[in-house]
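A.B. asks: could you work out the structure for the sequence below:
(chains A, B and C)
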Amino acid sequence: MATQVLQRETWRESLRSLKVATWLGWQIESNWTDPFLFAVYSLIKPIAGAMILVVMYLVVSGGQTGNPIFPYIYLGNAFYIYVGSVLMGISYAIIDDREHYGVLKYIYVSPIQVYFYLLGRGVARTLTGTIAVIITLAFGVVVFKLPVNFLAMNHALFWPVFLIGLVGLALIGILLAGVTLITARHNYFIGEAVAGALYLLCGAVFPLDVLPKFLQYIGLGLPMTYWLEGLRRAMLGTSASPLLAPFSNETILIILFSSTLLVGLISLSFYRWCERRAKEKGLIDMQTMY
Amino acid sequence: MSQMLAVKTENLGRVYQIKRKRGESGPTTLVALEGVNLEVRQGELFGLLGPNGAGKTTLIKILTTLLTPTSGRAFVDGIDVVENPQEVRRRINMVSGGETCGYGLLTVEENLWMFTQFYGLDFKTARERIQYMLEVVGLADRAKTKVYHLSTGMKQKMNFARGFLNDPQILFLDEPTLGLDVQTSRILRDFVKRWVRERPGKTILLTTHYMVEADELCDRVAIIDQGRILACDTPANLKKRLQGASVFKLQTTPLDTLEHFKQLPGVTQFAGHRRNGHTELNFILEDENALVKVLDAVQAKGGHLLSLEKREPTLEDVFIHLVGRGLSDEESPPERIL
Amino acid sequence: MKNFQRELAVFVRTVMGRAYPRLIGLQRERSWLFFEIFLPLLGTAAFVYIYRALGAKPEFTGFVVLGGAMTAYWMNVLWSMATQFYWEKETGNLALYLIAPTSRMAILLGMALGGMISTTVRALAVLILGSLVFRVTFTVSDWGSLGLVFFLTLVALYGMGMMFASAFLLYGREAWHMANLLQEPVFLLSGFYFPIKSLGFWISAVASLIPITLGLDAMRQILYPQAGWGFLDVRIETLTLAILSVVFLIAAHRMLLWLENIARREGRLTVRGQ
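C.D. replies: Numbering: from 1, shown residues only, chains lettered A, B, ... in the order given. Here you go, the predicted structure:
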């Protein structure tokens, strides 16, 4: 009975933590300017990001976008926006709360469920990331005639892959949040830095086959590799990666799910360890600006 | 005349614009200072006494060139703060209470050294002054401690030490003992007094809402409320204003309403507020005879007297006399019971 | 003359004083070594492999490695200098800087120089390791020109950064987000990962206002004299960078004064959480 009550209380706290953190994250992300400027910001950033790769491609291809590698690059780059947004959104929340607003200690003395709090803080960046992804995809379809039909794509594959992938990203974000909990604020960009590094390893904008063998193996161990592959297959109907082509859609989904589960276990355990270390060393309210 | 003055303000005013969202009602301006005329002589330890939100910090910000006035003028050491701020900065420093500025990863000594460089101090002078000030504030044994390991009070001590490092002509102390324990506050107050006495020509402008601090330290005190200077004189002269009056402090069992006390004959000023399980009433009476009526009024409202104290007027009584409420009272009338 | 000497002494001491926390902070917490060396290298490598997947010519790998190295300076200007006044304001240090009788540019220069170690470590790591791993060979046609272009690029870039920094005297998070907004467009328009000539003349000309654009282009031309991807002649680009250096430093000085005055008038110098 007491266990049941405790479980119910924990769930209530979890939902409350998630709700408040989501609201807080949105307040921080969205109320810094008027809606027009916010719209301009939301439009320019993703399109500029997409255009870097487009120009790189056009320089080499001499202006041709008919090569099947182009939609591979474009789609991968578009969805990869989520990686930076989610990882940064969750990991940066620790630095923001600790060093900027000085409230992390108060959060830790309150009965919140910290994982749900961090997830909630990441929701706002995920939402702004979604806007950026939609804009990027729309830009690609309209300007570069990307062969994507949102209505006719494989929804049965797309949505499970998409959602599991987002959960995986959130869990990696929690792992990075653990790192920021025990390091100085000069690692405020850790989310973006790690996203930049993973850009290399998960076949975001080029097939894994291009990489040296040892990097291919690392790539094959990352959930994002299967996430992006699954999304491409759902939207384009084909795989442009000879390394991943032998895997069926179901296999991609299973590997994505299992690797996400594993990453989740590692992330949550690591965060707990970082938390313990932070409490032992008195780092929860440290100030590290210089 | 203005050259003998460390600080002079002429009809100084500061109005803030308040941005409201569409459809949101309320005032669009906030008058932080209005018609402030102040003269602080060189060598004075001058106090600015007032409750929270009175305009003390706004005045300090104008005098330290962080804010421009919307009307009037201000001079520090004879220099216009708007026309020539850089020249003003060479002569001043500021300590704000409750601030925890500094860099967490640096030691106390390193933080202080960094600020000495902004004033162009050579290494030897900087080191000597840092060592001296750390001794004064009791942080000598923490010189090599990283700031993020310090308690809030220690950070404030470090901040206090920083204010004296460039040996300023005029030092602005904005509630410098906020958040410090009694013993430390006493040590710092003693140092402030000594610093001014030992350095003829050096001036301190101190803002506080602790009337004990103002009473103990200041040569002269200006009382400020809602952006206006209400009085400016030595603490003794200010208290003399109430010389003929009788000042009483009563503690009673909790009373529902307090409004009627103001209307009692012989009551010049009154301030009351609820404390833990009792009501505290402060009266300034024309003479002692009015006390009887006060006691009758307490009884009539069903209250019982717990204690009665006659005392010498304090600066807070002067404040109540001028404003009609205490230094620590909230904006809302004390008799409003929630 | 005495006044000038005194001002110069204060300027130099301020630069040293403000650089010191940066130098010491890096020593005291060294996790940045991993995040500033290893991860940026992986990020740069991604762009190398993009070109390899597309079958680009070998010099494009060199373009990417150089661009990846220069990214370090752009990020330092944007995040460790331009937006730094925002953090100083939020932590209450800005007011203490502003009441000190010293130049705002000295404070910013101190921040920039203090951060130069980690920035240069990152840039060198990407350049050296990137060249080794991807077997990039540079043929330096003129070391003097290369050094001059690099120096002028940094001066102009940091001058531009000081201009951005002045915005934070008046604004808060809005300016921070604007700085964030600049990241990708500058990566695009400056040609960090591709030759700027491919954007066409007029876009390249406008983009040349960003010092890194011409700096990168000139350095690429010096390192790959036969590649044929240069936008303008190296001498014209060097001269333009010199002009931009002077213009941006003067503009920075003016903007710092102007915006500080506006912020003092509006009471926003010490407002936190804007």
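A.B. asks: quick one: the helices in the stretch 201-338 of chain B, in order.
C.D. replies: Per DSSP state H, counting those that start in this stretch, the stretch 201-338 of chain B carries helices over the ranges B:211-217, B:235-240, B:259-262, B:290-300, B:315-323.
A.B. asks: relative to C:Leu182, which of those is closest?
C.D. replies: helix B:211-217 (48.6 Å; C-beta to C-beta). Any C-beta I mention is one placed from the backbone N, CA and C, and that applies to glycine too.
A.B. asks: output that closest one as PDB, restricted to C-alpha atoms.
C.D. replies: Output of helix B:211-217 as PDB, limited to C-alpha atoms (Å, rounded to 0.1, in the frame of the first residue of the first chain):
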ATOM      1  CA  MET B 211      18.600  53.400  11.000                       C
ATOM      2  CA  VAL B 212      21.100  52.200  13.600                       C
ATOM      3  CA  GLU B 213      23.800  52.300  10.900                       C
ATOM      4  CA  ALA B 214      22.900  55.800   9.800                       C
ATOM      5  CA  ASP B 215      22.700  57.100  13.400                       C
ATOM      6  CA  GLU B 216      26.000  55.600  14.400                       C
ATOM      7  CA  LEU B 217      28.000  56.500  11.300                       C
END
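A.B. asks: report the buried residues of it.
C.D. replies: Residues of helix B:211-217 classed as buried under the neighbour-count rule (16 or more other C-beta atoms under 10 Å in any protein chain shown) are B:211, B:213-215, B:217.
A.B. asks: other residues contacting that helix?
C.D. replies: If you take C-beta atoms under 8 Å, 6 or more residues apart in numbering or on different chains as the criterion, helix B:211-217 is touched by B:45, B:47, B:49, B:177, B:185, B:189, B:192-193, B:206, B:208, B:221, B:235, B:314-316, B:319, B:327.
A.B. asks: average pLDDT for the host helix or strand of A:Val55, rounded please.
C.D. replies: Using DSSP states H and E, A:Val55 maps to helix A:35-61. Regarding helix A:35-61, the rounded mean pLDDT is 85.
A.B. asks: got the contact list for the residue nearest to C:Ile24 when sequence neighbours are not counted?
C.D. replies: Of all residues not flanking C:Ile24 in the chain, B:Leu106 sits nearest, at 6.0 Å (C-beta to C-beta, 6 or more residues apart in numbering or on different chains). By C-beta under 8 Å, 6+ apart, the contact list for B:Leu106 reads A:290, B:114, B:146-147, C:21, C:24-25.
A.B. asks: okay, and for the stretch 1-150 of chain A, where does confidence drop off?
C.D. replies: Scanning the stretch 1-150 of chain A for pLDDT under 70 picks out the ranges A:31-33.
A.B. asks: how about the residues of it by chain C?
C.D. replies: Residues of the stretch 1-150 of chain A lying near chain C by C-beta under 8 Å from any C-beta of the partner chain: A:32-33, A:37, A:41, A:44-46, A:48-49, A:51-53, A:55-61, A:69, A:73, A:100-101.
A.B. asks: got phi/psi on the residue of the stretch 151-300 of chain B found nearest chain A?
C.D. replies: Nearest to chain A, among the residues of the stretch 151-300 of chain B, is B:Lys155, at 9.4 Å (C-beta to the nearest C-beta). Dihedral pair for B:Lys155: phi -60, psi -40, per degrees, to the nearest 10.
A.B. asks: hang on, isn't it packed against B:Gly104?
C.D. replies: No: look at B:Lys155 against B:Gly104 with C-beta atoms under 8 Å: they stay out of range, at 9.7 Å.
A.B. asks: find residues that contact each of these two.
C.D. replies: In contact with both B:Lys155 and B:Gly104: B:Val147, using C-beta under 8 Å, 6+ apart.
A.B. asks: before we move on, back to that, out of the contacts of helix B:211-217, which end up buried?
C.D. replies: By neighbour count, with 16+ other C-beta under 10 Å, these hold B:45, B:47, B:49, B:177, B:185, B:189, B:192, B:206, B:208, B:221, B:235, B:314-316, B:319, B:327 as buried.
A.B. asks: what is the nearest of these to C:Ala123?
C.D. replies: For the buried ones among the contacts of helix B:211-217, the nearest to C:Ala123 is B:Thr177 (48.3 Å; C-beta to C-beta).
A.B. asks: for that closest one, give me phi and psi.
C.D. replies: Dihedral angles (degrees, to the nearest 10) for B:Thr177: phi -100, psi 10.
A.B. asks: where does the closest residue in space to it that isn't next to it in sequence sit, in terms of helix or strand?
C.D. replies: By the measure of C-beta to C-beta, 6+ apart, the closest residue to B:Thr177 outside its immediate chain neighbours is B:Ser185, 4.1 Å from it. Per DSSP H and E: B:Ser185 is located in helix B:182-198.
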